[in-house]
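Enquirer: using only what follows, build the 3D model:
(one chain, ligands or ions: 2)
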Amino acid sequence: MHWTPEHAQPLNQWPEQHLDVSSTTPSPAHKLELPPGGRQRCHYAWAHDDISALTASNLLKRYAEKYSGVLDSPYERPTLGGYGDAAFLNGAKGDPEPWPGPETPYPLASLHEGLPGTKSGSGGGSGGLGGSPVLAGNLPEPLYAGNACGGPSAAPEYAAGYGGGYLAPGYCAQTGAALPPPPPAALLQPPPPPGYGPSGSLYNYPAGGYAAQPGYGALPPPPAPPPAPYLTSGLAAPTPLPTPAPPRPSPASYGFQGVAEAGVSLKRKATDEGAEGRYRKYAFEPAKAPAADGASYPAADNGECRGNGFRAKPPGAAEEASGKYAGGVPLKVLGSPIYGPQLEPFEKFPERAPAPASRGGFAVPSGEPPKGVDQGALELATSKMVDCGPPVQWADVAGQGALKAALEEELVWPLLRPPAYPGSPRPPRTVLLFGPRGAGKALLGRCLATQLGATLLRLRGGTLVAPGAAEGARLLQAAFAAARCRPPAVLLISELDALLSARDDGTAAAGALQAPLLACLDGGCGAGADGVLVVGTTSRPAALDEATRRRFALRFYVTLPDGPARGQILQRALAQQGCALSERELAALVQGTQGFSGGELGQLCQQAAAGAGLPGLQRPISYKDVEAALAKVGPRASPKDLDSFVEWDKMYGFGH
Ligand SMILES: Nc1ncnc2c1ncn2[C@@H]1O[C@H](COP(=O)(O)OP(=O)(O)OP(=O)(O)O)[C@@H](O)[C@H]1O
Ligand SMILES: [Mg+2]
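Expert: Ligands and ions are numbered 1, 2, ... in the order given. Predicted structure coming up:
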């Protein structure tokens, strides 16, 4: 039922002004309201002036309740003319039973032909049923635009909410007729607020207003989330959460509310609404290993590297793997036939086990080393470019929940489980990650390699350009060849823009490597080369020309970390320096590091450690050290830079 404030006033005054059912004389106010030059021919059986006030009250109540049920129905209201019972429209009894009276149902006619001036029904009213036009004239304004007769539709609208009790004042004021007993004082005192009745069934609000309501905690717990068929991968569905539901990606150790990731598309957000905790598995986990920076990882230092870039699976790795989905909360696994809580990527590609070539999967081995590739360069690439750092799980990347989900859904899953039916599109083999420096693009590339169980080869644009165009091209080809030799492989090319155009540092060979790069992308990721994923990263996406841009099937914006993510990165970095800030200090630090990238947050902590005299371990880092470091380390990306990323994302990015 629609309730608008304008209904309040007429409703409040209704008993006195509009329900003078025992009188045949309309109120002066209504005389003025009626359209001039016509007679009102609308008749209401239940308002006939010949019936007693008590009968009228009962009838009014009865039919008001009846029709209010019609009007209250959740379905779209038909126009009044659309009701089967046309008698209702003209005020006759809207009842299947025949109305006890000699008259035939009042004919449907123009209802605003005028106001009858006499009681005799000379205006065409059928004396028995709708003899009294008074109520029609006195009823409030029509509720519906198409309702020629405002009365009948208005009456049921209000009457159900106002029992017979409120009618009494109107009747009591009348004389002559058999009056009903005076209403109980409770019905009169205190008077209902305008438009609302304390006892009305329609507007049955508590007298004290909403403030008197118990808090949300008293509400029944929300229903269990429905099965999410779109999570075809078998993502674990969380068990029903207690009320109130905790914020989604925010870790329990922080007081921050879950902040929506910047740039999350409405579509994805809307999809997420139904799957509470969708990003739970991406929740940042405390540090388990040294800094996640690639440079800080020792390469094959203890012989644990399995050749595919990752260390041997420690005992209990399966539990750790299922933990990525759990995040401490027991989760129910959806019944996907493909994915389960087991760590599929690692299980699927143990020790580079070749997958059957007929499947067209990501791990199809290429067999012999590619012809025409310099063996020396190949060995160089293999020895220098293969990254043997520890695996990076989704949970090792703070924040970026929507991006991680997009990468997994649009890249990892299609690569691991390519569609089996013929003619299906080939999963993407190239992805471009762009965003401010230090935002975690390389970290995400490493994470992709982990998720795919792939060998990770890392290249840096600046490194390729430095020795000159010819040598750079040779290294580039060698890197692609090495990747093809070690499928499944992820080739991570950072600073991609350095290969394409001049940088500020004025390196030579700028742009000279574009042609070799395009050739490698076509050959290394083309239809004939399965098992290689190229991840390009850049902080200058505008430097990419169209030809290069088009070579990257997916393009995702890696944003700066939001508040909760900054808190996680800071806490982790400071913990590595032996510093534990209080929650309040951490919150202040998060506030003060707005616009910092993950890399800059790491620099900040290093600077704080240096201020404290580390590495001499003279004293632990304090909040003051970090504050002092803030004066030296600041965010590099300007708001203008960030705007340009957003613009580029809008034009060429894929959103997430
Ligand atoms: N979301 C994050 N969670 C955890 N650590 C992060 C995150 N983002 C960045 N870092 C850390 O910041 C450092 C820099 O990250 P990374 O090298 O991935 O940035 P990048 O975007 O590749 O930067 P560049 O554009 O300079 O290459 C790394 O130590 C990385 O672990
Ligand atoms: Mg990088």
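Enquirer: pLDDT weak spots in the protein?
Expert: 1-51, 65-374, 501-511, 524-529, 614-618 (pLDDT under 70).
Enquirer: which one of the residues in the protein is closest to ligand 2?
Expert: Nearest residue of the chain to ligand 2 (C-beta to the ion) works out as residue 442 at 3.4 Å. Bear in mind the C-beta positions are built from the backbone N, C-alpha and C, glycine included.
Enquirer: I'd say that residue and residue 539 touch.
Expert: No: with contact defined as C-beta atoms under 8 Å, residue 442 does not reach residue 539; the gap is 11.0 Å.
Enquirer: what sits against the residue of the chain closest to ligand 2?
Expert: Residues in contact with residue 442 (C-beta atoms under 8 Å, 6 or more residues apart in numbering) are 294, 458, 492, 494, 537.
Enquirer: tell me if the helix or strand containing the second one is near ligand 2.
Expert: If you go by DSSP states H and E, residue 458 is part of strand 455-460. No: remark: strand 455-460 sits outside contact range of ligand 2, by C-beta under 5 Å from the ion, the gap being at least 8.0 Å.
Enquirer: quick check: residues of the protein near ligand 1?
Expert: Counting by C-beta under 6 Å from any ligand atom, the residues of the chain close to ligand 1 are 291-293, 397-400, 437-443, 494, 537, 539, 561, 565, 569, 598-599, 602.
Enquirer: filter those down to the ones in helices?
Expert: 441, 442, 443, 565, 569, 598, 599, 602 (DSSP state H).
Enquirer: tell me the two of the residues you listed that are most distant?
Expert: Across those, no pair lies farther apart than 442 and 565, at 16.3 Å, counting by C-beta to C-beta.
Enquirer: for the residue in the chain positioned nearest to ligand 1, what are its contacts?
Expert: Relative to ligand 1, the nearest point of the chain is residue 598 (2.2 Å; C-beta to the nearest ligand atom). By C-beta under 8 Å, 6+ apart, the contact set of residue 598 is 398, 438, 439, 440, 443, 561, 565, 569.
Enquirer: which residue, other than its chain neighbours, is closest to residue 391?
Expert: Excluding its sequence neighbours, the residue lying closest to residue 391 (C-beta to C-beta, 6 or more residues apart in numbering) is residue 450, at 4.0 Å.
Enquirer: return whatever helix or strand the one you found lives in as CSV; C-alpha atoms alone will do.
Expert: Residue 450 is located in helix 441-452, with elements delineated by DSSP H and E. Output of helix 441-452 as CSV, limited to C-alpha atoms (Å, rounded to 0.1, in the frame of the first residue of the first chain):
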residue,chain,number,x,y,z
LYS,A,441,51.4,-6.3,-10.1
ALA,A,442,54.4,-8.5,-9.9
LEU,A,443,53.1,-10.1,-6.8
LEU,A,444,49.9,-11.0,-8.5
GLY,A,445,51.9,-12.4,-11.4
ARG,A,446,53.7,-14.6,-9.0
CYS,A,447,50.4,-15.6,-7.5
LEU,A,448,49.1,-16.6,-10.9
ALA,A,449,52.0,-18.9,-11.4
THR,A,450,51.4,-20.5,-8.1
GLN,A,451,47.7,-21.0,-8.8
LEU,A,452,48.5,-22.6,-12.1
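Enquirer: which residue sits closest to residue 588, ignoring its sequence neighbours?
Expert: residue 623 (7.9 Å).
Enquirer: isn't that neighbour right up against residue 585?
Expert: Yes: contact status for residue 623 versus residue 585: in contact at 4.4 Å, counting by C-beta under 8 Å.
Enquirer: what sits in contact with each of the two?
Expert: Counting by C-beta under 8 Å, 6+ apart, nothing touches both residue 623 and residue 585.
Enquirer: between the two ends of stretch 581-597, how far is it?
Expert: 20 Å (C-alpha to C-alpha, to the nearest Å).
Enquirer: next: stretch 376-392.
Expert: End to end - C-alpha to C-alpha - stretch 376-392 spans 30 Å.
Enquirer: do it and ligand 2 meet?
Expert: No: shown here: stretch 376-392 not in contact with ligand 2 (C-beta under 5 Å from the ion), separated by at least 12.3 Å.
Enquirer: which residues of the protein lie near ligand 2?
Expert: Counting by C-beta under 5 Å from the ion, the residues of the chain that sit close to ligand 2 are 442, 494.
Enquirer: can you do 8 Å?
Expert: 437, 438, 441, 442, 443, 445, 460, 494, 495, 537 (C-beta under 8 Å from the ion).
Enquirer: which parts of the stretch 351-500 of the chain are strands?
Expert: 386-387, 430-434, 455-460, 489-494 (DSSP state E, counting those that start in this stretch).
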